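S.K.: sharing a sequence plus its predicted fold:
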Amino acid sequence: MDHGSVQDYYGKTLQGSDDLQTDACCTVGEMPARVKAILSNIHDEVLARYYGCGLIAPEGLKGARVLDLGCGAGRDVYALAQLVGPEGEVVGVDMTEEQLEVARRRQDWHAEKFGYPNTRFLHGYLEKLDELDLEPGSFDVIVSNCVINLCMDKRAALAGARRLLKPGGEMHFSDVYADRRMSEELLKDPVLWGECLSGALYWGDFLALCRDVGFDDPRALEGRPLAVSNPKLEEKLGEARFASVTMRLFAAEGLEPGAESYGQTASYYGGLDGAEEALRLDDSTLFPVDVPIAISGNTAAILAQSRFAPNFEITPPLPHRGAFPEAPAYQPFGAPGEGAAAGSCCAPAEAPAAAASSCCGPAAEPAKGGCC
Ligand SMILES: C[S@@+](CC[C@H](N)C(=O)[O-])C[C@H]1O[C@@H](n2cnc3c(N)ncnc32)[C@H](O)[C@@H]1O
């Protein structure tokens, strides 16, 4: 596979979301009211060329500098531009001119609608972010929606993103993952790659890669199994299963290889835009306002270095008291032996409640809500 075939797919083959052959590059499920409201301010032409697979709406973005990797026609850029407000900035990067052309054509329209100009679009490759005029360590948040799977060199893309984040910054992104490594034959199929399937990383390889490039404690926020819904493509893919997962990767220092207990708690004061009643850090860690929650040393370090720090009271560490009782590891494809839908915390709304909750074992610590 090469950049040219992906550019052709997104620049020429696809003219809008209706041209997609599978459900991989689309977002299903109920949208929070906050997201619905901001999407209603986005131009129809931009919305029509949306190919994302997850919901990108990080909390507490007011005044932030945000970078969107593989921004396409700019839907998420224009949504985030409203969340960061006039003091913030959102920069979109993409390699496909036709996509960027739509995004740029509507820049003035959005600036007028919002009442301020705060977006920028750059042509570039995610594998070569250092070639763009972007200062290392200058972004609070980096987002991406269904793009890393399309990259030829995923390590270079993630390492480049890590370099561009401020200390404590967050890479918050949705992407497609597979429950196994793909065969050479599937990797060469331009439609399967273009539809965000055969370029998907095997989940285990993805987690290892995160740690290799300095995202030492990757956290899954939510996910859903993907239905390919195309008999011809399903036949080619055989037994392989896919899931879309939204991740939080923090550029935090001093993290340990595992969760350790130092008897700490964190209380969320509230006050973050998008987390009015509670902040969900990951699929098994929920901080309701004013409730002290037991946390591991790594969670304490992540919160203390992140943009969330002013909104938390974190108790100081006590002498080490062994491993932190963690919730079961996130399973995007279900626990071994289960069907995909049964294992997803965030199965589509129509999934029966019992099936949707099956990934959530007994809560390992008080008030760790998980998705259940
Ligand atoms: C599935 S679309 C998603 C676009 C956008 N994030 C959205 O949600 O509508 C993938 C986008 O990533 C871009 N892309 C893929 N690989 C890239 C790379 N290596 N460097 C820069 N852009 C890339 C494509 O041009 C395309 O616009």
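M.R.: Good, I have the coordinates. Predicted model, so just to flag it, every value in this text is computed and none were measured. Numbering: from 1, shown residues only.
S.K.: find the closest residue to the ligand in the stretch 201-350 of the chain.
M.R.: Closest contact between the stretch 201-350 of the chain and the ligand, by Cβ to the nearest ligand atom, is at Ser244 (11.2 Å). No exception for glycine: its C-beta is placed from N, CA and C like everyone else's.
S.K.: for whichever strand or helix holds that residue, the averaged confidence score.
M.R.: Assigned by DSSP states H and E, Ser244 belongs to strand 242-250. For strand 242-250, mean pLDDT rounds to 96.
S.K.: start at 491 instead
M.R.: In the new numbering, first residue 491, that becomes strand 732-740.
S.K.: next, the buried residues of the following helix or strand past it.
M.R.: Using DSSP H and E, the helix or strand that follows strand 732-740 in sequence is strand 754-758. Residues Gln754, Ala756, Ser757, Tyr758 are the ones in strand 754-758 that count as buried (16 or more other Cβ atoms under 10 Å).
S.K.: the inter-axis angle of the longest strand belonging to the chain versus strand 732-740?
M.R.: Longest strand of the chain, by residue count under DSSP state E: strand 655-668. In terms of direction (axes from the mean of the first three to the mean of the last three Cα atoms, to 10 degrees), strand 655-668 departs from strand 732-740 by 170 degrees.
S.K.: which residue does the stretch 641-790 of the chain bring closest to the ligand?
M.R.: Cys641 (4.4 Å).
S.K.: who's in contact with Ala741?
M.R.: Arg652, Leu655, Lys656, Pro657, Gly658, Gly659, Glu660, Met661, Gly704, Phe705 (Cβ atoms under 8 Å, 6 or more residues apart in numbering).
S.K.: please apply the same query to Gly553.
M.R.: Applying Cβ under 8 Å, 6+ apart, the residues near Gly553 are Val574, Gly575, Glu577, Gly578.
S.K.: can you get me a residue count around the first one?
M.R.: In this case it means Val574. Neighbour count for Val574, taken as other Cβ atoms under 10 Å: 21.
S.K.: gap between it and the ligand?
M.R.: According to Cβ to the nearest ligand atom, to the nearest Å, Val574 and the ligand sit 17 Å apart.
S.K.: I'd like the contacts of Ala741 as JSON lines, with distance to Ala784 and neighbour count appended.
M.R.: Shown next, in JSON lines, are the contacts of Ala741 (distance: Cβ to Cβ, whole Å; neighbours: other Cβ atoms under 10 Å):
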{"residue": "Arg652", "distance to Ala784": "29", "neighbour count": "20"}
{"residue": "Leu655", "distance to Ala784": "28", "neighbour count": "24"}
{"residue": "Lys656", "distance to Ala784": "28", "neighbour count": "17"}
{"residue": "Pro657", "distance to Ala784": "26", "neighbour count": "11"}
{"residue": "Gly658", "distance to Ala784": "22", "neighbour count": "19"}
{"residue": "Gly659", "distance to Ala784": "26", "neighbour count": "27"}
{"residue": "Glu660", "distance to Ala784": "22", "neighbour count": "28"}
{"residue": "Met661", "distance to Ala784": "26", "neighbour count": "26"}
{"residue": "Gly704", "distance to Ala784": "27", "neighbour count": "16"}
{"residue": "Phe705", "distance to Ala784": "24", "neighbour count": "25"}
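S.K.: export the residues you listed to a markdown table and tack on pLDDT and distance to Glu602?
M.R.: Output for those, formatted as a markdown table (pLDDT from 0 to 100; distance: Cβ to Cβ, whole Å):
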| residue | pLDDT | distance to Glu602 |
| --- | --- | --- |
| Arg652 | 98 | 36 |
| Leu655 | 98 | 31 |
| Lys656 | 98 | 30 |
| Pro657 | 98 | 36 |
| Gly658 | 98 | 34 |
| Gly659 | 98 | 30 |
| Glu660 | 98 | 30 |
| Met661 | 98 | 31 |
| Gly704 | 97 | 40 |
| Phe705 | 98 | 38 |
